[in-house]
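Visitor: Need a 3D model of the following:
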Amino acid sequence: MTREITQSDWRPHASWTVLRKRAQMLRMAREYFFTQEVLEVETPMLSAAAVTDPHIESFATYYEGPGVVNKHSMYLHSSPEFPMKRLLAAGSGAIYQICKVFRNGECGQKHNPEFTMIEWYRPGFNLQGMMDDVERLVRYLLCIEGIACERVSYEELFSRYLGFDPHTASFKVLYAAVNQAGLNVAGLHDDDRDACLNLLLTHIIEPQLGQDGMCFVYDYPASQAALAQLRHDETAVAERFELYMNGCELANGYLELRDSNELSQRMQQDLVFRQKESTGAVSADAHLLAAMAHGFPACSGVALGFDRLVMLAVGAKVLDEVLAFPFARA
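Guide: Okay, here's the model as predicted:
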């Protein structure tokens, strides 16, 4: 099935005023990192390995030509994270990248299958230091020096809005909260606590975050660590944060995992989950695992959705308003 294309689709969707603002913000982002002595890098958009994260689907393609006997499977990157971490392991120091990334199956008011990401890594920064860095950049790009900035734990948010501790609440409690909120529970598996937590966060809590400024949420459940380190207090938590403004997630940051064995185990768990759920089969990135085994610096990293930041800057309601050619006109 193909999308219907009309004769008017050749025109850009975003206005020239918005496109000029977008260009200005890109220039300002590069100026910020230049003054911070963070090196701009470029890494391939096309790679031999896809991300194993079961919640992200990569676009698959293939290479056919000199150097290979048969068609060679390739993937458009969903983030520049893996090759940037290879640069860090090789001694790059602080680095950033502004690039297009691709995620299959993501299209809507705040999603486009192809979008622009700013991703950067700061060796020696802890999670609080990285939140400071994100806050400075966002204030600079949006020219909002005077607004408030809240920092709140994941546990405190659930206690505030739903009245229970998300780290200890049983699946029964979480499922009851999802039902009470009238959310769609189709496809929820027994004891899938994270699915319930995500539904409650995105539909009940998230719309209320950052309505008067910025809101950083930190200390996510250990089961949602992705590639962040764990901190073992009374309850193990992921050293991870997300930034929200106007009820919209803007950035996702980690105190980066450094243990190559732990990284391999997490990737294998992802692959087992993918097989169980019959999602796309992929392979763990051997280059990344080798780089991590070589030695990875203590650092924090952040991925920030640039298109969503432009939405805030111009008061747009949907992502298409800040893209020259969104998916429907690509």
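
Visitor: Check the offset of stretch 234-253 from the chain's centre.
Guide: Stretch 234-253 sits 10 Å away from the centroid of its parent chain (C-alpha atoms, centre = their mean, to the nearest Å).

Visitor: If you could redo that for stretch 153-168, that was the one I meant.
Guide: That offset, for stretch 153-168, works out to 22 Å (C-alpha atoms, centre = their mean).

Visitor: Quick check on Asp191: phi, psi?
Guide: phi 70, psi 20 (degrees, to the nearest 10).

Visitor: and if you look at Cys149?
Guide: According to degrees, to the nearest 10, Cys149 has phi -140, psi 110.

Visitor: How about the contacts made by the nearest residue to it once chain neighbours are set aside?
Guide: Nearest residue to Cys149, sequence neighbours excluded (C-beta to C-beta, 6 or more residues apart in numbering): Met214, at 4.3 Å. (Each C-beta comes from the backbone N, C-alpha and C, glycine too.) By C-beta atoms under 8 Å, 6 or more residues apart in numbering, Met214 lies in contact with Glu135, Val138, Ile147, Ala148, Cys149, Glu150, Leu243, Tyr244, Met245.

Visitor: out of those, which one sits closest to Leu46?
Guide: Leu243 (29.1 Å; C-beta to C-beta).

Visitor: and that closest one, that's in a strand?
Guide: Yes: assessed with DSSP: H, G, I helix; E, B strand; the rest coil, Leu243 lies in a strand.

Visitor: unless I'm mixing things up, it is touching Gly213, no?
Guide: No: Leu243 lies out of contact with Gly213 (C-beta atoms under 8 Å); the separation is 10.9 Å.

Visitor: The two: who's more crowded?
Guide: Applying other C-beta atoms under 10 Å to Leu243 and Gly213 shows that Leu243 carries more neighbours, namely 26 against 15.

Visitor: residues contacting that one?
Guide: Leu243 makes contact with 131, 134, 138, 210, 214-217, 249-253, 304 under the criterion C-beta under 8 Å, 6+ apart.

Visitor: Just the ones of these in strands?
Guide: By the criterion of DSSP state E, membership of the contacts of Leu243 in strands covers Met214, Cys215, Phe216, Val217, Glu249, Leu250, Ala251, Asn252, Gly253, Leu304.

Visitor: pLDDT score for the third one?
Guide: It refers to Phe216. The model reports Phe216 with a pLDDT of 98.

Visitor: Check the contact between it and Glu249; I expect there is one.
Guide: No: Phe216 is beyond contact range of Glu249, at 11.2 Å (criterion: C-beta under 8 Å).

Visitor: higher neighbour count, those two?
Guide: Set Phe216 next to Glu249 and count neighbours by other C-beta under 10 Å: Phe216 wins out with 24 against 18.

Visitor: Skip the chain neighbours and tell me the closest residue to that one.
Guide: Arg151 (4.5 Å).

Visitor: if I pick Leu200, what's in contact with it?
Guide: Phe158, Leu162, Leu174, Ala177, Val178, Ala181, Leu183.

Visitor: Show me the residues you listed that map onto strands.
Guide: For those, not one is inside strands, with DSSP E as the criterion.

Visitor: Name the nearest of those residues relative to Met292.
Guide: Closest approach to Met292 among the contacts of Leu200 (C-beta to C-beta): Phe158, at 32.5 Å.

Visitor: can you pull the contacts of the closest one?
Guide: Contacts of Phe158 by C-beta under 8 Å, 6+ apart are Phe164, Asp165, Pro166, Ala169, Leu197, Leu200, Ile205.

Visitor: what would those residues look like in CSV with secondary structure, distance to Gln97 and pLDDT?
Guide: Shown next, in CSV, are the contacts of Phe158 (DSSP: H, G, I helix; E, B strand; the rest coil; distance: C-beta to C-beta, whole Å; pLDDT from 0 to 100):
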residue, secondary structure, distance to Gln97, pLDDT
Phe164, coil, 39, 96
Asp165, coil, 38, 97
Pro166, coil, 33, 97
Ala169, coil, 38, 95
Leu197, helix, 31, 96
Leu200, helix, 33, 96
Ile205, helix, 31, 97
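
Visitor: Thank you kindly, that will do.
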